[in-house]
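> I would like to see how this sequence folds:
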Amino acid sequence: MKIAICIAAAVSAVTVCHALAQQAPLVYSDLVKEARKYEKLEGGERIVSNKVLFHTVRLDLKPFSGGSKDYYVKKADEIGFICQTSSTGFKGGTVVAEVVKHEEGAEGSHFYTLKNCTPATK
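Residues are numbered from 1 along each chain as shown. This is a model prediction of the structure:
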């Protein structure tokens, strides 16, 4: 009986881990939604949701002008992206990367740090 329970638990754990690994990446609108929720929180409540941090996101990054190494998707949203590392010659485009950090900027802006900015394959 104990062996059957152990086997069932192991199979369940493998299934859950497999499902998490296969989860579709977040998209830009998910990050915007979470940023707006964050703005409504006060004081000690202001922590970034685990719905964003350490999750994979698919974005179409555009470089800021003036030689900045930061990126954006839609300037009006005041959400910027910093690449912790990137492929040689990366200048923007579609990436699939892990969000590893969130920083609140001035006047309601946000910056998300991405683990590795490399052009995405289809």
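> need the strands for the chain, in chain order.
26-27, 56-63, 70-72, 79-86, 93-104, 110-117 (DSSP state E).
> Make a markdown table from those strands and add mean pLDDT to it.
Putting these into a markdown table (pLDDT from 0 to 100) gives the following:
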| stretch | mean pLDDT |
| --- | --- |
| strand 26-27 | 96 |
| strand 56-63 | 97 |
| strand 70-72 | 97 |
| strand 79-86 | 96 |
| strand 93-104 | 94 |
| strand 110-117 | 96 |
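> Of all the ones you listed, which one is nearest residue 35?
Smallest distance to residue 35 across the strands of the chain (C-beta to C-beta): 4.7 Å, for strand 110-117. C-beta coordinates here come from the backbone N, C-alpha and C atoms, glycine included.
> Which of the strands of the chain sits closest to residue 42?
strand 93-104 (12.9 Å).
> by contact count, what packs against that closest one?
helix 28-40, strand 56-63, strand 79-86, strand 110-117 (3 or more C-beta pairs under 8 Å, 6 or more residues apart in numbering; DSSP states H and E).
> Mind listing residues that contact that strand?
Applying C-beta atoms under 8 Å, 6 or more residues apart in numbering, the contact partners of strand 93-104 are 25-26, 31, 38, 46, 48, 52-61, 82-84, 110-120.
> Among these, name the buried ones.
Buried by 16 or more other C-beta atoms under 10 Å: 26, 31, 38, 48, 52-53, 55, 57, 59, 61, 82-83, 110-114, 117-118, out of those.
> Looking at residue 69 now. What's its pLDDT?
The model reports residue 69 with a pLDDT of 90.
> Now do the contacts for it.
63, 82, 83.
> Then residue 77?
So residue 77 contacts 32, 35 (C-beta under 8 Å, 6+ apart).
> is the residue nearest the centre of the chain in a bridge, and if so with what?
Centroid-nearest residue in the chain, with C-alpha atoms, centre = their mean: residue 99, separated by 3.2 Å. Under DSSP bridges, the beta-bridge partners of residue 99 are residue 114.
> again with the one 5 residues further on
With DSSP bridges as the criterion, the beta-bridge partners of residue 104 are residue 110.
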